[in-house]
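[1] generate coordinates for the sequence data below:
(chains A and B)
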Amino acid sequence: MRFEPRTQVPLWLNVAAPLAALALSFLFCALLILWAGAPVFAAYGALLKGAFGSVFALSETLTRAAPLIFTGLAAAVAFRAKLWNIGGEGQLYAGALAVTYFGTGLITLPPVLMIPLLFFVGAVAGGLLLLLPVFLKLHLKVDEVVTTLLLNFVVLLFANYLLFGPWKDPLAMGWPQAAPIIDEGVLAPLIPRTRLHAGLIWALVFAVAAWAFIRYSKWGFEIRAVGNNPEAARFAGIPLGATVLRTALLSGGLAGMAGVCELAGLKGYLTLDISPGFGYTGIAVAMLAGLHPLGVIASAIFVAAIYNGADAMSRAMSISNYLADVLTATALLLVLASVLFVRYRPRWG
Amino acid sequence: MDILEIFVSLGFWAALVRMATPLIFGTLGELICERAGVLNLGIEGIMTLGAMTAWMWVYQGGDLWSAVLVAAVFGALFGWLHAGFSVYLGLSQHVTGIGITLLASALSYFAFRMMLPDVTTPPKIEPFAPYPVPGLSELPFLGEVLFTQSPLTYLAFLLVPAVAYGLYRTPLGLAVRMVGENPMAVEAQGIDVHRLRTAAVMLGSALMAIGGAFFTISVFDAFYIGMINGRGWICIALVIFASWRPGKALLGALLFAAFEALQIRVQQASSAFIPYQFYLMMPYVLSILAMIVMSRRAAYPKALLVPFRKGER
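    Have a look, this model is predicted:
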């Protein structure tokens, strides 16, 4: 089998290929549901109902989508420049650590200033964490995939140390958690009696801003150019190092803001389980969106729906909610392959 | 206990050899993949899968050696899947690898939960017992450290010269190294680049899976969620540290295991001064440092990360 580039891509293929990939992933997971001995349609019905079935379910899905939009954007922006930042999880925790440091009484400002300040410090912390891997990549050619992955574990252990040591809240009755974020720093709820909070608005704003930045700004153009062809970009006079550095700060900053969103919007105080792998799932979100910042919004909601729906499904029937991880991973791989078939035409023989 | 006492204790050296075992399997597996030009970021998930499948096989009544085979088969299967995406379709090896890791670990956890729905504490199996090599285990010191280990540990140590011989002294090994440097030249020899790379990735993934299996059927006797805990990523760093050479990979794995064995013992002695989390950080920090130290001499296989498409230059 060989591939030749298509001279023109029909519009229907652009839409149909990813949809077919998603359908295939659901088909594959249907086999797993059968293996678990549950009826497929009822199981997927429970999943759908758990994700969108009521105002509450919908609000929970959107609540989960907010941090995924941030981590998805972080991956999308970085991957656009072929900067393989797999450290979203660590950067998320770095953001959460910064919020805990500044937001638990060190500074008190009115909410209009306090909340932007928290997003700022969270973004700076996330961006700074990515500086070391980028420095090593640019100057010593050390692969950033491995360094960012390893730093995830380092940051998590550092947070663990702080929560069991100096930052442990004496009022928390022995639980490893930090002091709560002060009231001025808490993101306002969006719908009464649900957990949905203003973090979603922030996420949407940043998604649009990231899209405009990539699409229309000079630096955004440089990011795309470096990603498409670094040799040509350098030949055209685009500073390679500076562009990678900017991408890193942007990407790390977005992942850091996912931590801010969770802490100031949902949890209220730092614990060791503020993220069920949002950093890693963000990679799947970005790939499902074809690395398009606006697409990230839709794919984050889709992925959040799968996870929340799977939780509901596992409560209703005896199917493990790890099915959500299987479904997301399958979709990631199949959508990745589907994009290839859009751009290339397979030829047999 | 001071540092000197640790270094003369038998337990430390025996633990070092034990802890190096999964790293040797994982590093050799990754090394074979990368020598053929494919970065396999699926390693973390494939090790998890190996750990789960081998354990489950024994739990369901299979014997230990067939469990090793089962892990290897599942590893090779996911290697084949990886190659399908990264070699035949020529998709990004980074994204494919992360996808394989997510899929393999998710499937492992899902299958584990589905097959054991109602247990809260992980059930245990009877793992490999240390096998004293007749004669050699009688040696003072060395007998205890090197020759009273799990059979899988012997296998790991024997694999190092085997992989080195295979890579440097056989025509197949030459082809594998060449396909990682210059796939066009391999094509010109009439060898199918895609098939060769796929075979290398499958073999490497099988070794990774055995490395994962070592955790559940040799060192421990149960499977936990999150058991591999970044060891796969450490193996990738070790491959760079080893400059893609099997002998140096063994050295790296041993150095690394020495540090791990040391930190457990120092930690017990000095936890009052340095919080234990900093000791746990060390393997990851050390991996980054190892890559920095070796970065100037790192001679990447030239075609690493580059997909090969017939007739394209």
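[2] mind checking the SS state of residue B:301?
    coil (DSSP: H, G, I helix; E, B strand; the rest coil).
[3] so is the residue nearest to it when sequence neighbours are not counted in a helix, a strand, or just coil?
    Spatial nearest neighbour of residue B:301, excluding adjacent residues (C-beta to C-beta, 6 or more residues apart in numbering or on different chains): residue B:180 at 3.6 Å. C-beta coordinates here come from the backbone N, C-alpha and C atoms, glycine included. When classified by three-state DSSP, residue B:180 comes out as helix.
[4] low-confidence ranges, the stretch 201-313 of chain B, go.
    Within the stretch 201-313 of chain B, the ranges that satisfy pLDDT under 70 run B:270-272, B:311-313.
[5] repeat that with 80
    Low-confidence segments of the stretch 201-313 of chain B (pLDDT under 80): B:264-274, B:295-299, B:309-313.
[6] spell out which parts of it neighbour chain A.
    Residues of the stretch 201-313 of chain B lying close to chain A by C-beta under 8 Å from any C-beta of the partner chain are B:229-230, B:233-234, B:236-237, B:240, B:275, B:277-278, B:280-281, B:284-285, B:287-288, B:291-292, B:295-296, B:298, B:309-311.
[7] in ChimeraX, how would I select just the buried ones from the residues you listed?
    Filtering these down to the buried ones (16 or more other C-beta atoms under 10 Å in any protein chain shown) takes a single ChimeraX command:
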select /B:229,230,233,234,236,237,240,275,277,280,281,284,287,288,291,292,295,309
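[8] and residue 209, what element?
    I went with chain A, as the question did not name one. Assigned by DSSP states H and E, residue A:209 belongs to helix A:199-216.
[9] that was the other one, I meant chain B.
    Counting by DSSP H and E, residue B:209 is part of helix B:193-214.
[10] surely residue B:30 and residue B:233 touch.
    No - using C-beta atoms under 8 Å, residue B:30 is not in contact with residue B:233, being 10.1 Å away.
[11] could I get the pLDDT score of the residue nearest to residue A:298 when sequence neighbours are not counted?
    In this structure, residue A:298 finds its nearest non-sequential neighbour in residue A:289, 6.9 Å apart by C-beta to C-beta, 6+ apart. Looking at residue A:289, its pLDDT reads 93.
[12] again, but for the one 10 residues further on
    Here, the pLDDT recorded for residue A:299 equals 96.
[13] where's it, which helix or strand?
    helix A:293-316.
[14] neighbours around residue B:293, how many?
    11 (other C-beta atoms under 10 Å in any protein chain shown).
[15] assign it to helix, strand or coil.
    Applying three-state DSSP: residue B:293 is helix.
[16] residues in contact with the residue lying closest to it once chain neighbours are set aside?
    Among residues not flanking residue B:293 along the chain, residue B:241 sits closest, at 7.7 Å (C-beta to C-beta, 6+ apart). Going by C-beta atoms under 8 Å, 6 or more residues apart in numbering or on different chains, residue B:241 touches B:248, B:252, B:287, B:290-291, B:293-294.
[17] list just the nearest of those to residue B:119.
    Set against residue B:119, the nearest of the contacts of residue B:241 by C-beta to C-beta is residue B:287 (34.1 Å).
[18] just confirm that closest one is within a helix.
    Yes - using three-state DSSP, the assignment for residue B:287 is a helix.
[19] what is the end-to-end distance of stretch A:162-176?
    By C-alpha to C-alpha, to the nearest Å, the extent of stretch A:162-176 from end to end equals 9 Å.
[20] what does stretch A:33-49 give?
    For stretch A:33-49, the end-to-end distance is 17 Å (C-alpha to C-alpha).
[21] anything in that stretch near chain B?
    Yes - interface with chain B: stretch A:33-49 contributes A:35-36 (C-beta under 8 Å from any C-beta).
[22] where does that stretch sit relative to the chain's centre, distance-wise?
    Offset of stretch A:33-49 from its chain centre (C-alpha atoms, centre = their mean, to the nearest Å): 27 Å.
[23] quick one: contacts of it?
    A:26, A:30, A:57, A:306, A:309-310, A:312-313, A:316-320, A:323, B:114.
[24] go again with 6 Å.
    By C-beta atoms under 6 Å, 6 or more residues apart in numbering or on different chains, the residues outside stretch A:33-49 that reach it are A:30, A:309, A:312-313, A:316-317, A:319, B:114.
[25] average pLDDT for it?
    On average, stretch A:33-49 scores 94.
[26] how about it, which residues are buried there?
    Within stretch A:33-49, the residues that qualify as buried by neighbour count (16+ other C-beta under 10 Å) are A:33, A:36, A:38, A:40, A:43-44, A:46-47.
[27] just put those residues in TSV and tack on secondary structure.
    Formatted as TSV, the buried residues of stretch A:33-49 follow (three-state DSSP):
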residue	secondary structure
A:33	helix
A:36	coil
A:38	coil
A:40	helix
A:43	helix
A:44	helix
A:46	helix
A:47	helix
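[28] briefly note if stretch A:231-239 comes near chain B.
    No - if you take C-beta under 6 Å from any C-beta of the partner chain as the test, stretch A:231-239 misses chain B, and the best it gets is 13.7 Å.
[29] quick one: end-to-end length of that stretch, please.
    Termini of stretch A:231-239 sit 11 Å apart (C-alpha to C-alpha).
[30] can you give me the buried ones in it?
    A:233, A:238.
[31] same check, this time on stretch A:11-25
    Buried residues in stretch A:11-25 (16+ other C-beta under 10 Å): A:17-18, A:21-22, A:24-25.
[32] state the mean pLDDT of that stretch.
    Stretch A:11-25 comes out at a mean pLDDT of 91.
[33] then stretch A:151-167?
    93.
[34] would the helix or strand that residue B:12 is a member of count as contacting chain A?
    Following DSSP H and E, one finds residue B:12 within helix B:10-35. No - using C-beta under 6 Å from any C-beta, helix B:10-35 never reaches chain A; the gap is at least 10.8 Å.
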